[in-house]
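S.K.: Got a predicted structure plus its sequence, pasted below:
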Amino acid sequence: MAKPILTLTTDFGLTDHFVGVMKGVILSICPQARIVDISHEVAPFAIAEGAYLIAQAYPYFPKNTVHIVVVDPGVGTARRPILVEAAGQYFVAPDNGVLEMIYSREKHLVRAITDHRIFLQPVSQTFHGRDIFAPAAAHVAAGTTPAKMGKKIMDYARSPLATPRPAGRNRWCGCVLHIDRFGNLVTNLQASDFPESRRFVIKIDGKRVTTRTKTYAEGRRRELFVITGSTGYLEISVNQGSAAELVGSQPGSSVEITLK
Amino acid sequence: MAKPILTLTTDFGLTDHFVGVMKGVILSICPQARIVDISHEVAPFAIAEGAYLIAQAYPYFPKNTVHIVVVDPGVGTARRPILVEAAGQYFVAPDNGVLEMIYSREKHLVRAITDHRIFLQPVSQTFHGRDIFAPAAAHVAAGTTPAKMGKKIMDYARSPLATPRPAGRNRWCGCVLHIDRFGNLVTNLQASDFPESRRFVIKIDGKRVTTRTKTYAEGRRRELFVITGSTGYLEISVNQGSAAELVGSQPGSSVEITLK
Amino acid sequence: MAKPILTLTTDFGLTDHFVGVMKGVILSICPQARIVDISHEVAPFAIAEGAYLIAQAYPYFPKNTVHIVVVDPGVGTARRPILVEAAGQYFVAPDNGVLEMIYSREKHLVRAITDHRIFLQPVSQTFHGRDIFAPAAAHVAAGTTPAKMGKKIMDYARSPLATPRPAGRNRWCGCVLHIDRFGNLVTNLQASDFPESRRFVIKIDGKRVTTRTKTYAEGRRRELFVITGSTGYLEISVNQGSAAELVGSQPGSSVEITLK
């Protein structure tokens, strides 16, 4: 039988002991766990960025993988820890909308985790990654039935995603969802909605982009182009350079596309 | 039987091949090892920071875990490699005080590792993480009896910890032990020594802090407060902001607390 | 039987989901794989840096390890994915010279990976780490015969290494291969070619270095010295400081050595 896989997506960074401690807790409860880091470099408190990253990652993991997602400015407050079943996998997170992109794509069942017996005692007010999320996820990975963790809830937190809105004939307003390591600007425009054959103008932070390429290498040096990203979204890119630097955009920056 | 767990705490960073190579060495000797990174972002040569991080992490690992701690400005000199047994776990490190916080908390037995047959040959003068610490730890994880690695020693290096000192009636002087990823200032004041009900003034780098909260989220924007950290120390924090930036403190900065 | 080991060396960084996704793909195909990160902080598109890092790492891994190396500015173009057998291990990479230091040291056999059935479908034009390299490597780790992946090729890309050249009597011109985390300048001068007993002068970026030490700790504060690095190359270093900062060198900077 395959060993349980747990993934970690947090804003804890890699300098402190936080992530290592969560792994110690997981392995103490579920010694056979395979642990995979998605990212610990989510910007502090950036729920939307955490939501984006886990949504790009989970489709590539096997059935029954348990994903822990901790971006949690409300740690210690009344916000609930939740266990979500979706896409044949499990997600353990604070109930603050960090799983919104999963909710929007997949049939899902959300439980409030209320079985305090599985928490590390005493539960701190500042590090629920260690005291609540890691042990809860490890118990799921070790085979605890989700129903034992807590009851199904309907009033879990939603944080509606920014989706492109029509802005006139053949025109849509979207935004930058994410800026990746290479400075590519990942927009929230679905590539499949914009056929490659169609001429277009994209306006972003005072720049105009009218070229679409199939590969990064086709782009001319220092020239912006649009490409179908590996996430399925349109990306604004530069060949071997950073579009983000060239354009000066931020996550959330407006992107306007007009089809010709 | 549970597979052996090894952890790594170093100042090697994640850009070079150093950490990957240590893992290759470990898996060559102990193929069933589970390897967990605590941190590789200890500032170069910062023994006190390494000491802090491993001390926060080890309590969350199972019995028999082998912790490798390499912050080693004296690599290649006469300073000894040591194997420490404490808290039912093992610690492999240079004898330079990086395990001081373990010594101060736990009954411990220290051995000088002298069995050169387990070292990678030839032993370099600059990378004992690869040539000495990784193979020694892997042999311990694989079941080699500690007594075979070397003799017990009593004259291992101590580097007394900065502990708070009384500074008048109801007043103590402590310091900043660590600044975490979020900019929280972790002091060396034990939260349990300062009851939450008691009024107080903390002075740090020209700022006064008089508020104590239970959670980060209770704090007002840009207002410093004190909180019981997940380490058990008092932390000076800001809600969704960096106390370190606001105050301008460094590890080692003085913190004075007066109880009212 | 020992579990298969896969290593990852990329320029993907640790902030995005890229590395986590590759691991999800690997574990979906080869659930028993042990995955080790060498580095994901290769500078974007820096093929020479990737080449250097994997070359320092592979000798420390067991037979049959599968190394994935993805620094790939040509992703999506006609450049081929390759599978290389060398030193009893496997290397999966784009055919762009990133394995040059392996070719220069080891007998090797290079195959173009052409069996599209093992790729993730649809293959994106921008993330072959996920769609081609991870699945190909995982299939090798899981036991697929290399010959099934594709045919042997002879015209794989070479990118001749910068080797030191003679520049007069007892004088050689080399360069800085790599600057490590500590600011040590790793040159391409083989330590074994320059006996420790021999007096010398090294000139680099307007500085002269005439001291050689056995350990970092022997160096005087803020004084440059030469040391035999753990890679076997001469390094220019400073005790507990950064030679790179002191000298202002970059990878590729010229280094001239004259033996006295």
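M.R.: Yep, it's here. Numbers count the residues shown, from 1 in each chain, chains lettered A, B, ... in the order given.

S.K.: List, one by one, the residues from the stretch 1-150 of chain A near chain C.
M.R.: Listed as neighbours of chain C in the stretch 1-150 of chain A under the rule CB under 8 Å from any CB of the partner chain: A:2-3, A:5, A:7, A:9, A:14, A:34, A:36-42, A:53-54, A:56-57, A:60-62, A:65. For the C-beta atoms, the positions are set from N, CA and C on the backbone; glycine is no exception.

S.K.: if you set the cut-off to 10 Å instead, what comes out?
M.R.: Proximity of the stretch 1-150 of chain A to chain C is confined to A:1-3, A:5, A:7-9, A:13-14, A:34-43, A:49, A:52-63, A:65, A:67 under the rule CB under 10 Å from any CB of the partner chain.

S.K.: can you give me the helices for the stretch 51-200 of chain A?
M.R.: In the stretch 51-200 of chain A, the helices defined using DSSP state H, counting those that start in this stretch lie at A:100-105, A:128, A:134-141, A:146-149.

S.K.: Just put those in CSV and tack on mean neighbour count.
M.R.: As requested, the helices of the stretch 51-200 of chain A are arranged in CSV below (neighbours: other CB atoms under 10 Å in any protein chain shown):
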stretch, mean neighbour count
helix A:100-105, 18
helix A:128, 24
helix A:134-141, 28
helix A:146-149, 15
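
S.K.: which one of those helices lies closest to B:Lys107?
M.R.: helix A:134-141 (27.5 Å; CB to CB).

S.K.: Give me the distance from the closest one to the chain's centre.
M.R.: Once both centres are worked out by CA atoms, centre = their mean, to the nearest Å, helix A:134-141 turns out to sit 20 Å from its chain's centre.

S.K.: for stretch A:112-127, same thing?
M.R.: Stretch A:112-127 sits 24 Å away from the centroid of its parent chain (CA atoms, centre = their mean).

S.K.: and that stretch, is it in reach of chain B?
M.R.: Yes. Stretch A:112-127 comes into contact with chain B (CB under 10 Å from any CB), by way of A:Leu120, A:Val123, A:Ser124, A:Gln125, A:Thr126, A:Phe127.

S.K.: what's the closest of those to A:Val110?
M.R.: A:Val123 (21.2 Å).

S.K.: Distance of the closest one relative to B:Met22?
M.R.: For A:Val123, the distance to B:Met22 (CB to CB, to the nearest Å) stands at 34 Å.

S.K.: Quick check on the two: which one has the bigger neighbour count.
M.R.: Taking neighbours as other CB atoms under 10 Å in any protein chain shown, A:Val123 and B:Met22 compare with B:Met22 leading, 29 against 15.

S.K.: among the helices of the stretch 51-200 of chain A, which is nearest C:Thr258?
M.R.: Proximity to C:Thr258 (CB to CB) singles out helix A:134-141 among these, at 58.1 Å.

S.K.: Tell me if stretch A:9-18 is near chain B.
M.R.: Yes. Under the criterion of CB under 10 Å from any CB, chain B is reached by stretch A:9-18 at A:Thr10, A:Asp11, A:Phe12, A:Gly13, A:Leu14, A:Thr15, A:Asp16, A:His17, A:Phe18.

S.K.: what residues are up against A:Tyr52?
M.R.: Under the criterion of CB atoms under 10 Å, 6 or more residues apart in numbering or on different chains, the neighbours of A:Tyr52 are A:9, A:39, A:42, A:46, A:98, A:100-101, A:161, A:177-178, A:186, A:188, A:231, A:233, A:251, C:16-17.

S.K.: which of the residues you listed count as buried?
M.R.: A:9, A:39, A:42, A:46, A:98, A:100-101, A:161, A:177-178, A:186, A:188, A:231, A:233, A:251, C:16-17 (16 or more other CB atoms under 10 Å in any protein chain shown).

S.K.: quick one on the thing from earlier: okay, and which of the residues of the stretch 1-150 of chain A next to chain C map to strands?
M.R.: Among the residues of the stretch 1-150 of chain A next to chain C, DSSP state E puts A:Ile5, A:Thr7, A:Leu8, A:Thr9, A:Arg34, A:Ile35, A:Val36, A:Asp37, A:Ile38, A:Ser39, A:His67 in strands.

S.K.: in the sheet, who's paired with the fourth one?
M.R.: Beta-bridge partners for A:Thr9, by DSSP bridges, are A:Ser39, A:Val69.

S.K.: these two touch, right, it and A:Val66?
M.R.: No. Contact criterion CB atoms under 10 Å: A:Thr9 and A:Val66 do not qualify, at 11.9 Å.

S.K.: what's the overlap in contacts for those two?
M.R.: Residues touching both A:Thr9 and A:Val66 by CB under 10 Å, 6+ apart: A:Phe91.

S.K.: Just the terminal-to-terminal distance for stretch A:117-132.
M.R.: Distance between the two ends of stretch A:117-132: 10 Å, counting by CA to CA, to the nearest Å.

S.K.: so can I have CSV of the helices of the stretch 51-200 of chain A showing mean pLDDT and distance to chain B?
M.R.: CSV is the format used below for the helices of the stretch 51-200 of chain A (pLDDT from 0 to 100; distance: least, CB to the nearest CB, whole Å):
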stretch, mean pLDDT, distance to chain B
helix A:100-105, 96, 19
helix A:128, 97, 9
helix A:134-141, 98, 9
helix A:146-149, 96, 21
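
S.K.: To C:Gly143, which of these lies closest?
M.R.: Checking the helices of the stretch 51-200 of chain A against C:Gly143 by CB to CB gives helix A:134-141 as the closest, at 26.6 Å.

S.K.: so what secondary structure elements neighbour that closest one?
M.R.: strand A:5-10, helix A:18-29, strand A:34-39, strand A:66-70, strand A:81-86, strand A:89-94, helix A:128, helix A:146-149 (3 or more CB pairs under 10 Å, 6 or more residues apart in numbering or on different chains; DSSP states H and E).

S.K.: okay, these, which one's buried deepest?
M.R.: Greatest average neighbour count among the helices and strands packed on helix A:134-141 goes to strand A:66-70 (a mean of 27), per mean count of other CB atoms under 10 Å in any protein chain shown.

S.K.: Now do that one against strand A:5-10, angle only.
M.R.: Interaxial angle, strand A:66-70 versus strand A:5-10 (axes from the mean of the first three to the mean of the last three CA atoms, to 10 degrees): 10 degrees.
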